[in-house]
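Structure of the sequence below:
(4 chains)
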Amino acid sequence: MVTDASSGTRAAAASAGTGRPARYSPNEMMAVVAARELRNGEIVFVGIGLPNLACNLARATHAPDLVLIYESGAIGAVPERLPVSIGDPSLVTGSLMVCGMADVFQYLLQNGRIEVGFLGAAQVDRWGNINTTVVGDYAHPTVRLPGSGGAAEIATHARRTIVVARLSRRAFPASVDFVTSPGQRYHGTARSKPALPGAGPVKVITDRGVLEPDATGELVLTAVYPDVTAAEIASDVGWPLRFRDPIETLDPPTDADLALLRERLDPDKLFLKG
Amino acid sequence: MVTDASSGTRAAAASAGTGRPARYSPNEMMAVVAARELRNGEIVFVGIGLPNLACNLARATHAPDLVLIYESGAIGAVPERLPVSIGDPSLVTGSLMVCGMADVFQYLLQNGRIEVGFLGAAQVDRWGNINTTVVGDYAHPTVRLPGSGGAAEIATHARRTIVVARLSRRAFPASVDFVTSPGQRYHGTARSKPALPGAGPVKVITDRGVLEPDATGELVLTAVYPDVTAAEIASDVGWPLRFRDPIETLDPPTDADLALLRERLDPDKLFLKG
Amino acid sequence: MSRHDDPVHQRPAHRRPDVPASGSKVMSMRDAITSFVHDGDTVVIEGFTHLICFAAGHEIIRQGRRGLVLCRLTPDLVYDQMIGAGCARKLVFSWAGNPGAGSLHAFRRAVEGPAGDSARGLEIEEYSHFGMVARLAAGAAGLPFWPMRDYAGTDLPAANPHIASVTCPYTGETLATVPALNPDVTIIHAQRADAEGNTQIWGLLGVQKEAAFASRHVIVVAEELVDERVIRADPNRTLVPGFIVGAVVHEPWGAHPSYAQGYYDRDNAFYVTWERISRDPAQLATYLDRYVMGVPDRAAYLAAMPDLADRLRAGNRTCAGVNYGY
Amino acid sequence: MSRHDDPVHQRPAHRRPDVPASGSKVMSMRDAITSFVHDGDTVVIEGFTHLICFAAGHEIIRQGRRGLVLCRLTPDLVYDQMIGAGCARKLVFSWAGNPGAGSLHAFRRAVEGPAGDSARGLEIEEYSHFGMVARLAAGAAGLPFWPMRDYAGTDLPAANPHIASVTCPYTGETLATVPALNPDVTIIHAQRADAEGNTQIWGLLGVQKEAAFASRHVIVVAEELVDERVIRADPNRTLVPGFIVGAVVHEPWGAHPSYAQGYYDRDNAFYVTWERISRDPAQLATYLDRYVMGVPDRAAYLAAMPDLADRLRAGNRTCAGVNYGY
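Numbering: from 1, shown residues only, chains lettered A, B, ... in the order given. Have a look, this model is predicted:
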């Protein structure tokens, strides 16, 4: 059952502002929720930043056999330090395989060998379409973002795609300014129509809750974090956000999660600031 | 000027049966004539057998910087023994590069990087078309030959192709039973029409003389070996063979050539028998 | 037209890594063939002269597989033996000779002669080397076809209706195409692999990477079964990652009479002998009885040829390593 | 539309190996850039995070090249500097950020803002990573296009009319295509090369092989100039053969602030600093004056940063060699 989230009394009832100083940051919670999405042994195409942190947290906890693949060509990477970029030398040393990018995109991604794709996004819209290209008009942008990189093909081919993005009205418009990576519906046409091989974005993990596409492909709120209300989330989303009933309240990070993130995985808070 | 070779008095005049035991075999002469076709520094796509022998003879004499490429992926091979096949391990050890066959056919051959292709042939016809597939009907062959291997694409892409084949009426029919590798003209259409990138077979080196395409693409006799008459060659060719005037009589192998072939390159007469 | 017959069948929407029931991928050749090669399957045993897994071919013969569609650039002796043993229904290939020694006579008997000849019984589908490479590259890339500049002015397209064409959307040129090949199983022989199937080879690479990625299942047969740390010490040498591999078989000398660079030389004498053996169906049968059906496994095959190591063991041309530090 | 502008221009019918007049391919960076990089050229300096040849980019800036069409998957700092210095007319790319640190502000100034803004002056042609890889693969393979399953349900084809489509002759499916990219010159940085340009790299391989084979001319810049025997000892590591290479430049630390696996680490601090430098045109000008225009060559650049070796020299993780004997 899906309900309008702005009226979300259930979700609101499930959380309560405590006034206590937070034991963990929104970014830490995002990383932990993202890590929980990964099952042991899965083949994951990893983006840099929070996705990388989440994958390495999963590897250090419940999913030691996760196979991390970076678009740079490192497969089965076991970085001994926090990789600053997806081309970091620490992803190469001790990895299972290093191959050219033609192999990565053709023999791994396009060939359907990747189970999970992990993407960041500047904007995500109602249908899970992702924009990392421009804010404003393409020809005369207000903000020129980096562009697709491998994101277009990851969201096309990975068996399922997980998106990580911080909530804000600017980041979650009804319609993105530019569709860099395919979501669930494009100009009214469902993803299954052009027969995109992967399932596309199946979870959008934010700093306050989790959105998932319903049967029509529309993102609905399915889970909130402790002390967050559905209404609060709905007010930062650019379309009338609905939620799945019952909405789940996710567990906070464990002490072990936090210790790993802070002491081992990102001690300099390169990706965990904020 | 091209004349009918069966009336070839000029060529006949240029040779004379001596009755002496031959100082060299027809195969040795073929290998030497083929070696002379190669210029120092050229990039040569090498087939096994006589082509390989000719290339290594050229490398040991006037063309030390010849780059030998084998379809197996060995580039700049310097075999320390006579390679029995194009996949011989001696082609790998000490070579400049070993790559996969997808790279060989795409990045080297199809990309126009090969200057000379060297092919053997079971049959060569009037237009330089090469058959290594079947004798007789394709569906019900009298003799099933190995097939193309890389020959179809070598004759398509190498800047020029040199063919090595022993003369006989069976081997030089007016029309081959099956066109495995493209010659100069196919069912009346010139090679330039489908815009084949390479020049195709520009020399057919036999055990008694050399044929080359004229302006129309028809193979004509351009050179004979010592003690061979044009008429004798014409009688072993399945079409009215013409010759270019003046016909050349090629120099016999030098003693140095023969010593190299017999003592260093093929001491067990693996490819020089006959 | 069965799925195996149709070169144009689609890749599965997504590949599942093979997860063996036992929890370990390391198994005997017998178990690997039993698990992954079935009657009627489309089978690739690749390796261009180098690293041809005869041990797997022999086990397939021993287990009496029938109706296989055998695909390889060069059928070589391994498929001549399998054809002679009656395993094959169809051959997909680009060069069917005995490299450096002559013909594949079991193959020739199966395709030569007038229609209705009882010895004829092998369907063929024929390409050039580039065509076979391109078919496997398309299969590995998850594409239905591969474009190439080839076959103009030849009789190959007339002999093989699967060779088609496409028009370049930019230049208007016509390019030849071949359809993707997605085998049921590919068997590759390697110098070394770890227990998960992370596999390294050097020397001639042929089309093994493409064949493995194109395939539903992959069996890796290795000269040495090594610790994962050996693989991780030199990741640029890895040909295929373990997650696309279903079975790992440790089988030293498993490529004989083919060769493994750095381990043993090609048995050229046997390739020459095969010309005589394969020419005579009775001799071929005797060979199979003695060296294939007459032995339970590769170890027994090797025990029957005690001179192999002396004749063929590789000399030492070890290169220096490189630094992966940062 | 000039030849450089048109992504669909045909490959030359045949490539001639570059034969330098001097007889040797080994030359200074100055001579290599003078010989092979001209105003208006389509230029590729490849290397994915790893082995980005900043030394070549700086020499191009010093020589005042103008009107270049710069192509790279990730423009990175090297193209941001060249854009800031006014070398570029157009950028062909797939991800324009400062990896791990922020934006490329010279690039952003050149493409952001309303039409007619005087700071805007860079034409762009944009793909995804796979699209750029495919363009170079087509160029390397001598094909006019490359097919791929991509771009359905995205705005990229609308933003880039060079993304087209083709119909599979077997399945009838529509596939996206990109046109071949055949640069005038590709510059690749390598751990080692010999005097003929036989080049070996390890660690991340990016798309360097494709870029080099797609290109009319290739400049190799190497950390170490080695004897041919070093190359021949391990031929599977060779990325490109010398006969496609026109110039070999020996330039240790030539990739800084990018990195060379086994030689030196990435200068992550400089990447972070670039965020501040590039944000301010005045600071950018000062940087170029001091570290590019203000030095005659790479040696002087390195002399200005005497702490690099201490900070960044690679640790030792040397792997074992393998046996190429037979």
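
Point out where the chain drops to low pLDDT.
Defaulting to chain A. By pLDDT under 70, the low-scoring segments of chain A are A:1-21, A:274.

not what I meant, chain C
Checking chain C against pLDDT under 70 turns up C:1-23, C:115-119.

hmm, 80 instead?
Residue ranges of chain C with pLDDT under 80: C:1-23, C:100, C:113-120.

what residues go with each domain of it?
C:29-131+C:181-304, C:132-179 (automatic domain parsing).

hey, C-alpha coordinates of the helix or strand hosting C:Ala212 in PDB?
Assigned by DSSP states H and E, C:Ala212 belongs to helix C:208-214. In PDB, the C-alpha atoms belonging to helix C:208-214 read as follows (Å, rounded to 0.1, in the frame of the first residue of the first chain):
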ATOM      1  CA  GLN C 208      40.600 -17.700 -24.700                       C
ATOM      2  CA  LYS C 209      39.500 -14.600 -22.900                       C
ATOM      3  CA  GLU C 210      36.700 -14.000 -25.400                       C
ATOM      4  CA  ALA C 211      35.600 -17.700 -25.400                       C
ATOM      5  CA  ALA C 212      35.400 -17.700 -21.600                       C
ATOM      6  CA  PHE C 213      33.400 -14.500 -21.300                       C
ATOM      7  CA  ALA C 214      31.100 -15.600 -24.100                       C
END
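
Can you name every helix or strand that it contacts?
Packing partners of helix C:208-214 (3 or more C-beta pairs under 8 Å, 6 or more residues apart in numbering or on different chains; DSSP states H and E): helix C:129-141, strand C:185-193, strand C:238-240. (Each C-beta comes from the backbone N, C-alpha and C, glycine too.)

For C:Val272, give its distance to chain A.
38 Å (C-beta to the nearest C-beta, to the nearest Å).

And for C:Ala137?
For C:Ala137, the distance to chain A - C-beta to the nearest C-beta - is 8 Å.

Can you tell me the number of residues neighbouring the residue of the stretch 1-150 of chain A found nearest chain B?
The stretch 1-150 of chain A approaches chain B most closely through A:Ala102 (9.8 Å), counting by C-beta to the nearest C-beta. Using other C-beta atoms under 10 Å in any protein chain shown, A:Ala102 is surrounded by 23 other residues.

Could you do A:Ala199 as well?
That count, for A:Ala199 with other C-beta under 10 Å as the rule, works out to 17.

same thing with the one 3 residues further on?
The burial count assigned to A:Val202 is 18, neighbours taken as other C-beta under 10 Å.

Please list all residues in contact with it.
When contacts are counted by C-beta atoms under 8 Å, 6 or more residues apart in numbering or on different chains, A:Val202 touches A:Arg160, A:Thr161, A:Ile162, A:Glu212, A:Pro213.

and residue 50, backbone torsions?
With no chain named, the answer covers chain A. With angles defined as degrees, to the nearest 10, A:Leu50 sits at phi -60, psi -40.

oops, chain C please
phi -80, psi 140.

Who does it form a beta bridge with?
C:Tyr259 (DSSP bridges).

Reformat the domains of chain C as CSV; add mean neighbour count and distance to D:Thr273.
Formatted as CSV, these follow (neighbours: other C-beta atoms under 10 Å in any protein chain shown; distance: least, C-beta to C-beta, whole Å):
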stretch, mean neighbour count, distance to D:Thr273
domain C:29-131+C:181-304, 22, 31
domain C:132-179, 23, 40
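
thinking again about what came up before, tell me which helix or strand comes right after the helix holding C:Ala212.
Defined by DSSP H and E, the subsequent element after helix C:208-214 is strand C:217-225.
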